[in-house]
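Visitor: Show me how the following folds:
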Amino acid sequence: MTKSTLDIAREALEIEIDGIKSVSARLDANFELVVDLLYSLRGRVIVTGVGKSGIIGRKIAATFTSTGSPAIFVHPVEGLHGDVGIVGRDDALIAISNSGETTEITSLAATVRKWGTKIVAVTGNSSSTLSRMAEITLDCRVEREACPLNMAPTASTTATLALGDALAVALMVRRGFNREDFLRSHPAGTLGERLNLKVKDMTLDIPSVPKISPTSRIAEIVNSINEKNLGLTMVTSENKLVGIITDGDLRRALANGTNLFEKEARHLMTENPLSIKSERTAAEALEIMESRLITALAVTDNHGNWLGIIHLHDLLGKGQVRFFS
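Guide: Below you'll find the model as predicted:
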């Protein structure tokens, strides 16, 4: 029976998933040794590979660099024709070759090995020439390729890419690389631009924020929440902030059997809403929202005076987020 296109696609994806799982299951002390090596480097991480492995290598190097571990990609052919001069004894070479017998890779590894450069082999053949030349080998073997001919690099390259990501993530954690570090290395990104701003630059001022009084009833509360499409309204008394009511608060009150028609805003609000000072960064505001599972913060000046709110809607881009808090 002829397989459908969707059946073929699902089978390919399952083969690639199985490949990653098998690499994960074989992770051992060698992975920890590689992380130790890369963390303690005085130089840089040099990544090399040829063909499809080279494409994967470029991505791994880029991920390392953007997450706090400076890395560059050196093509083995160009390396053997002069570019190898960029590699120093304080660097480490991550050499990617599924067979471990790629001539260009083993030749480059042999060259830098003479200088004392540490070599990490990422290969599907742990008994290969490359593996024997390396200080540490990461086994990236997969059972088969997703290609029906079992020839085109598919599952093997996916597994290699995932292993590279795992190294980058482990190094991020070891280095304590945080949100602010990430933003500093991504200043041109749209999200990066927004999160580098001060809270005051993204504050909805008081006239722009929906507000009700503590004695407001349910109809007024709902109308106010709907007014600005922010999913909330602020409760104020004599121009001072005393609480917040979100559409989530109303849903939870209904689920708990509360008769909303008998309640005033002061009975439904969260008193003393979480706040952030206007001089803090938008990235800090986002971190608070994520950790507390909320979509807005009150904004205050250094004296605690209420200035408005900052909303997740504006941090991540209008129209890109749905609100559930």
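
Visitor: ranges for the strands of the protein?
Guide: 45-48, 71-73, 92-96, 118-123, 136-139, 204-205, 211-212, 232-237, 240-246, 270-271, 275-277, 296-300, 306-311 (DSSP state E).

Visitor: and the last one, what does it pack onto?
Guide: Applying 3 or more Cβ pairs under 8 Å, 6 or more residues apart in numbering; DSSP states H and E, one finds that strand 306-311 makes contact with strand 204-205, strand 296-300. Backbone N, C-alpha and C define where each C-beta goes, glycine included.

Visitor: So which of the strands of the chain is nearest Ala168?
Guide: Across the strands of the chain, Ala168 has its closest neighbour in strand 71-73 (9.1 Å, Cβ to Cβ).

Visitor: re the thing from before, return the most buried member of the helices and strands packed on strand 306-311.
Guide: Mean neighbours per residue, mean count of other Cβ atoms under 10 Å, is largest over the helices and strands packed on strand 306-311 for strand 296-300, with a mean of 22.

Visitor: Just list the residues touching Phe64, thanks.
Guide: Residues in contact with Phe64 (Cβ atoms under 8 Å, 6 or more residues apart in numbering) are 45, 47, 70-71, 164, 167-168, 171.

Visitor: Ignoring the adjacent residues along the chain, who's closest to Val222?
Guide: Spatially, and ignoring its direct neighbours in sequence, Val222 is nearest to Leu250 (7.5 Å; Cβ to Cβ, 6 or more residues apart in numbering).

Visitor: Look up how far Ala298 lies from that neighbour.
Guide: Distance of Leu250 to Ala298, computed by Cβ to Cβ, to the nearest Å: 19 Å.

Visitor: now the strands of the chain as TSV including distance to Asp36 and mean pLDDT?
Guide: Compiled in TSV, these are given as follows (distance: least, Cβ to Cβ, whole Å; pLDDT from 0 to 100):
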stretch	distance to Asp36	mean pLDDT
strand 45-48	13	94
strand 71-73	16	91
strand 92-96	11	96
strand 118-123	11	97
strand 136-139	10	97
strand 204-205	48	90
strand 211-212	56	94
strand 232-237	48	94
strand 240-246	47	93
strand 270-271	47	92
strand 275-277	38	95
strand 296-300	40	94
strand 306-311	41	93
